[in-house]
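**Student:** Provided below are the primary sequence and the corresponding predicted coordinates.
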2 protein chains.
Amino acid sequence: MERGRYRVGEQEIIQTQQLEKLEELVLQKQYAQIRDFLSPMEAPDIAQLCAGLEESRLPLVFRLLPKEQAAEVFVELDSDQQEMLIQGFSNTELKEVLDELYLDDTVDIVEEMPANVVKRILRHSDPETRKSINEILKYPEDSTGSIMTTEYVDLKETMTVEGALKRIRRTGLDKETINICYVVDEHRHLIGLLSIRQLLLSEETDVIGKIMETNIISVHTLDDQETTAQALRKYGFLALPVVDSENRLVGIVTVDDAMDVLQEEVTEDIELMAAILPGDKPYLKTGVLETWKARTPWLLILMLSATFTGIILTHFESSLQACAILTSFIPMLSGTGGNSGTQASTAVIRALSLQEVHFCDLVRVIWKEFRVSICCGVCLAAANFVKMMVVDRWLMHNSAVTPLVALVVCATLVGTVICAKLVGCSLPILAEKVGFDPAVMASPFISTIVDSLSLLIYFQFATLLLGV
Amino acid sequence: MERGRYRVGEQEIIQTQQLEKLEELVLQKQYAQIRDFLSPMEAPDIAQLCAGLEESRLPLVFRLLPKEQAAEVFVELDSDQQEMLIQGFSNTELKEVLDELYLDDTVDIVEEMPANVVKRILRHSDPETRKSINEILKYPEDSTGSIMTTEYVDLKETMTVEGALKRIRRTGLDKETINICYVVDEHRHLIGLLSIRQLLLSEETDVIGKIMETNIISVHTLDDQETTAQALRKYGFLALPVVDSENRLVGIVTVDDAMDVLQEEVTEDIELMAAILPGDKPYLKTGVLETWKARTPWLLILMLSATFTGIILTHFESSLQACAILTSFIPMLSGTGGNSGTQASTAVIRALSLQEVHFCDLVRVIWKEFRVSICCGVCLAAANFVKMMVVDRWLMHNSAVTPLVALVVCATLVGTVICAKLVGCSLPILAEKVGFDPAVMASPFISTIVDSLSLLIYFQFATLLLGV
């Protein structure tokens, strides 16, 4: 297999072999060969190789890369490695790398670096870039402004197609994308857009103003980055124009950045749903203390709120003493309740984040979950009744498991499943309405609430049917 | 605000107003106005409006759309609506819509339709399209072949840039993308690729073979669609070439389809993690029975496996009778254990699906989780000891909560958290190794296992320290 040409499916095996080869070349100081070895590769792959290298060897390998490729690899490195490299750079080296970077990547790097490194980066950027960086840094984190780039192709409506193509040939090299070009008036108001495809398929003498698309979907600098990324996905666009409050074009967001945003946001949602405070580092790069800090707060809150279940159990202590067999079904009941609630809340949280469900659908959602919960509850209760009679009573000769006890457990099961699904489906919607992240209302939170509810239902039925 | 021009953030409000307006126009039979009203909009927005319309009005509105737009909207409709429209189409209408569709969209539609509709679609496609559809339909579900399109721009290495641009102008209109062009030899082997940007920035007399990129990353028709989509994201490409086992170019996968795949796969993972069998319909479009069918199997399995906790509790019934206060801490212990396990398993499942963690990292992961679990466990135990002494004993005057009981509970807490994290982090990795989807090893599954473990630990410590 030729270097640099490979199929995605084979990559994991290749990567291990490549790392061995690279380490060998470094040991043998075969610098020309290292350059030849790396140059046909894509930047993310080189960065992955660098992550596997001994840290002290990174600057050496990095300096062997051709200038443009070095910049591309630099963007893909993790921020610790970037910082280490910058600390070791001469001023000329730093400037060379910075000159090759796209603006949005520079901003990403600046956001991660400590203050002294940021100062050095800004000092070695050219004045125009510095101004743009400072502009973008002003936008709030997670806003569309913070992920946009200001390097796009702009055209005037009076240009011809020929003139436009000339302009693209002249300025296109430094632009993040030329696939979509934006038409602005003299006040930089966005008045149209044009794909490179439309340009190429038009006559050279056509005037831009006549052929441009004027039905424009744009995003605002302060829109949530996830909204923007979802819009790019929904419309299948390659880029979206970003405008300010006066509808002036200030930047664009491209599809590759949108994909990264969607990925990060999903990871954040999943972490929240598992009661973890979201971080932004990969799993194995997060230290033990950081992981501990991200996990303990919710564990503590949930543990302390389990005090309620304790109080309920203490309150019904005499009932449990009178009919000890009841205790052995508590874990099953609270487990099933938790799982039922998790199913409903997860389904609703995902639907909310895909914008398939809104607050106005609350009643529809509750009505749906109510019917589902009755089906699920009855089905589980029937299975459980058979299991208790056959396994517990007949096979394990546990005479305390009477049909009446089974009835109490099964009735509780139906009640718990209904409560769990209703709580599970409504809390995320209500949370979003009042401005919380619905993802917090997932499994652990719902389980804790449902635990108490299931015990209350259990003792109600026990008192009613068994008279304990 | 002009029609068709809007900012993404305002869309939800606009959509409601637009639906009212559209319904009004339909009632007043203002057909020309409906056409004018809809034509500046994007297809996904029109489809969303159509979803809100009364079903009987859809064919009328659909027939008012210009041909090309009608096809774009058709692709965005859900499969029930597509089927209804096709059933009502005349043969000419069906052919008109099919002619406008991109091949990969046609395949998507064919995959969802019942057999008689599929036959009709194939009968009215032109022979070449029919052949391509049948080819793509042969690839397994979830394979890259099943999401690719065969409509790409291919060039020869002997062409000049001028010749290539001419070819693109001549054939580009029917291609899914012209942003990346593929260079093949006479046996259709993929030998290079070229972005439209490189083409435009080159001299007209340059020869394609000299300027094309020969370091090609490709995917195989049988690669998992998620692998392909993740590769597109990682490299930030707009399309990836798909080759067969002989390295012949058979199609391309574009970034818009990759985004949809990633979204679907994440939804599937999240559903599995919540013990739901994955479906492919939006939440509100899934019927009660379907939802019930997707949720009951895992609930049943998990409920029945809770039998073990029941057995453990029955076994230690006498201990619980002797020291009744122990019962009241069981829900807190199993809840905290479940939550700790959920955190570890969720973090690892996500890291696996982002390929940050592989099987070879198993020991590193376990070592990390072990240290995290000790920190978490000790911290929770300390908080719990204080809480039991202050709240339970001092404020609530529960004299049964002695320091020794608190010690048993806290020691169990530490043991449970350690077990939970270790089980939680290792099961997903092991599951992936043996070919299961690691997402199944999430919250509900882990909680059920940890429930039993925490009880066993609890009674060990109770016997040891309290002698019950």
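**Tutor:** That came in fine, so what should we check first?
**Student:** tell me the contacts of the spatially most distant residue from the centre of chain A?
**Tutor:** Distance from the centre of chain A peaks at residue A:399, with 52.5 Å (Cα atoms, centre = their mean). Under the criterion of Cβ atoms under 8 Å, 6 or more residues apart in numbering or on different chains, the neighbours of residue A:399 are residue A:393. All C-beta spots, glycine's among them, are computed from the backbone N, C-alpha and C.
**Student:** SS state for it?
**Tutor:** Following DSSP: H, G, I helix; E, B strand; the rest coil, the label given to residue A:399 is coil.
**Student:** state the distance from residue A:389 to residue A:417.
**Tutor:** Distance, residue A:389 to residue A:417, by Cβ to Cβ, to the nearest Å: 20 Å.
**Student:** of the two, which one has the most company?
**Tutor:** Shown here are residue A:389 and residue A:417; by other Cβ atoms under 10 Å in any protein chain shown, residue A:417 has more neighbours (33 against 15).
**Student:** leaving out chain neighbours, which residue sits closest to the more buried one?
**Tutor:** residue A:377 (3.7 Å; Cβ to Cβ, 6 or more residues apart in numbering or on different chains).
**Student:** which secondary structure element is home to that neighbour?
**Tutor:** In this structure, residue A:377 sits in helix A:362-387 according to DSSP states H and E.
**Student:** which parts of that helix are buried?
**Tutor:** Going by neighbour count (16 or more other Cβ atoms under 10 Å in any protein chain shown), the buried part of helix A:362-387 is A:362, A:365-366, A:368-369, A:371-377, A:379-381, A:383-385, A:387.
**Student:** what does stretch A:430-446 give?
**Tutor:** Under 16+ other Cβ under 10 Å, the buried positions of stretch A:430-446 are A:431-432, A:437-446.
**Student:** report the two of the residues you listed separated the most.
**Tutor:** Among the buried residues of stretch A:430-446, the pair separated by the greatest distance (Cβ to Cβ) is A:432 and A:444, at 18.1 Å.
**Student:** does stretch A:227-243 reach chain B?
**Tutor:** Yes - using Cβ under 8 Å from any Cβ of the partner chain, stretch A:227-243 reaches chain B at A:227-228, A:231-236, A:238, A:240, A:243.
**Student:** would you format these as JSON lines with secondary structure and pLDDT included?
**Tutor:** What follows is these, written out as JSON lines (DSSP: H, G, I helix; E, B strand; the rest coil; pLDDT from 0 to 100):
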{"residue": "A:227", "secondary structure": "helix", "pLDDT": "89"}
{"residue": "A:228", "secondary structure": "helix", "pLDDT": "92"}
{"residue": "A:231", "secondary structure": "helix", "pLDDT": "90"}
{"residue": "A:232", "secondary structure": "helix", "pLDDT": "91"}
{"residue": "A:233", "secondary structure": "helix", "pLDDT": "90"}
{"residue": "A:234", "secondary structure": "helix", "pLDDT": "88"}
{"residue": "A:235", "secondary structure": "helix", "pLDDT": "89"}
{"residue": "A:236", "secondary structure": "coil", "pLDDT": "88"}
{"residue": "A:238", "secondary structure": "coil", "pLDDT": "91"}
{"residue": "A:240", "secondary structure": "strand", "pLDDT": "93"}
{"residue": "A:243", "secondary structure": "strand", "pLDDT": "91"}
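**Student:** please consider this matter closed, and thank you.
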